[in-house]
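A.B. asks: got a predicted structure here, sequence first:
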Amino acid sequence: MADIKFEIEKELGSISESSKGWTKELNLISWNEKEAKYDLRDWAPEHEKMGKGVTLSVDELKQLKELLNNIDL
């Protein structure tokens, strides 16, 4: 399997932390030297490992924000 290159351009925030120290984070990440996208996934401490996640364009993030604003919690 080919190596995946990534660069976290901006750490936007952490949503939660597991008992093992992994954090669920929203970041702006460039994958394989492409334009950065918004990314929500679990990260090990120091970002040495990552879990599965969701990567969103600006338009997709805006749509998600609109959906979340309309949820009655």
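C.D. replies: Happy to help now that I have it.

A.B. asks: quick check: buried residues in stretch 42-60?
C.D. replies: 42, 43, 50, 53, 56 (16 or more other C-beta atoms under 10 Å). (Glycine included, C-beta is placed from N, CA and C.)

A.B. asks: how confident was the prediction at residue 2?
C.D. replies: Among the per-residue scores, residue 2 holds a pLDDT of 70.

A.B. asks: for it, what are its contacts?
C.D. replies: In this structure, residue 2 makes contact with no residue, judged by C-beta atoms under 8 Å, 6 or more residues apart in numbering.

A.B. asks: low pLDDT regions in the protein?
C.D. replies: 1 (pLDDT under 70).

A.B. asks: can you rerun that using 50?
C.D. replies: Flagging of the chain using pLDDT under 50 yields an empty set of residue ranges.

A.B. asks: longest strand of it?
C.D. replies: For the chain, the longest strand by residue count, based on DSSP state E, is strand 6-17.

A.B. asks: show residues contacting that one.
C.D. replies: Counting contacts by C-beta under 8 Å, 6+ apart, the residues touching strand 6-17 from outside are 23-33, 36, 38, 40, 47.
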